[in-house]
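Q: Okay, predicted coordinates and the sequence, questions at the end:
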Amino acid sequence: MKRIFFLLLIIANSVTAQNVDSLFVSANNLYKDGKFSEAIEFYKQIETKELVSSELYYNLGNSYYKLNKVGPAIYYYEKALILDPLNADVKNNLVFAQRLALDNIEELPKTVLQKFKANYLQKLSYNQWAIVVVVFSILGSFLFLLFYFADGPTKKRFYFTTSIISFILLIASLFITYNQYNFALNNKEAIVFAEETDVRNAPTLNSEEIFTLHEGTKIIVLDGVDEWKKVKINDGRLGWIHAEDIKLLNDI
């Protein structure tokens, strides 16, 4: 009975994969023919199956960019970078999409430590840093076993030293992973989807409007009350925005 169940599961997964491949090919062909709205519908079908990838989000971003929909284009380019932070094509296209956004918010100067975090540590997500932790743990354990069974003081010294280095890097990467997780938890990024939205000084409609944001602007969500989100923009300004006007990039 168990064998039949696993066989049916394999067949179902195979059929699903074939359907997704077929949808992806069809969407790509529609994109090539300039039918961007139709292509988006096919890409969205793949997204609803939760079989997402950096390439899928990249293609969605391209399709929305061709339709001059700045908010969704930037949103999906950013989603693609979350899955593949080193993708040069996505980075280039994101720059072009950001030039279409109306808001030109000057970023606050960063300290040396903040620059180091942004340029190096935050290039990988906490999930990717977790993979680094696993790699160093396996490497350190393997090198320690080699040290234990090695013959001769030279080999033992080499394997012991490299295993210690691996465990030190393991602890460092574990610390970075924890910090990155806390950063992602407390600094949820989002993209403004409304063409124009007012940011207020309190989570009510009758509160004072302090500034305005436009489609495609990237913000950080700090808190939420009912249908309102407390947000921060790159220049340090804070305010409350209606939740329907933004879309979170990665909710954890």
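A: Now that the structure is in, tell me what you want to look at.
Q: so where does the nearest residue to V90 once chain neighbours are set aside fall, helix or strand?
A: On the basis of C-beta to C-beta, 6 or more residues apart in numbering, the spatially nearest residue to V90 that is not a chain neighbour turns out to be A80, at 4.6 Å. Bear in mind the C-beta positions are built from the backbone N, C-alpha and C, glycine included. In this assignment (DSSP states H and E), A80 forms part of helix 70-83.
Q: Please save the CA atoms from that helix in PDB.
A: Output in PDB follows, covering the C-alpha atoms of helix 70-83 (Å, rounded to 0.1, in the frame of the first residue of the first chain):
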ATOM      1  CA  VAL A  70       6.300  50.500 -12.200                       C
ATOM      2  CA  GLY A  71       5.100  49.200  -8.800                       C
ATOM      3  CA  PRO A  72       4.700  45.500  -9.900                       C
ATOM      4  CA  ALA A  73       7.800  45.600 -12.000                       C
ATOM      5  CA  ILE A  74      10.000  46.800  -9.100                       C
ATOM      6  CA  TYR A  75       8.200  44.400  -6.700                       C
ATOM      7  CA  TYR A  76       9.000  41.300  -8.800                       C
ATOM      8  CA  TYR A  77      12.600  42.300  -9.500                       C
ATOM      9  CA  GLU A  78      13.000  42.700  -5.800                       C
ATOM     10  CA  LYS A  79      11.400  39.300  -5.200                       C
ATOM     11  CA  ALA A  80      13.800  37.800  -7.800                       C
ATOM     12  CA  LEU A  81      16.800  39.300  -5.900                       C
ATOM     13  CA  ILE A  82      15.600  37.800  -2.700                       C
ATOM     14  CA  LEU A  83      16.000  34.300  -4.300                       C
END
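Q: Poorly predicted segments of the chain, please.
A: For the chain, residues meeting the criterion pLDDT under 70 lie at 1-18, 251-252.
Q: 50 instead?
A: For the chain, the stretches with pLDDT under 50 are 1-2, 5-17.
Q: What residue in it is the furthest from its centre?
A: What lies farthest from the middle of the chain is G152; by C-alpha atoms, centre = their mean that is 48.0 Å.
Q: quick one on the thing from earlier: and the next helix or strand past the helix holding A80?
A: helix 88-98.
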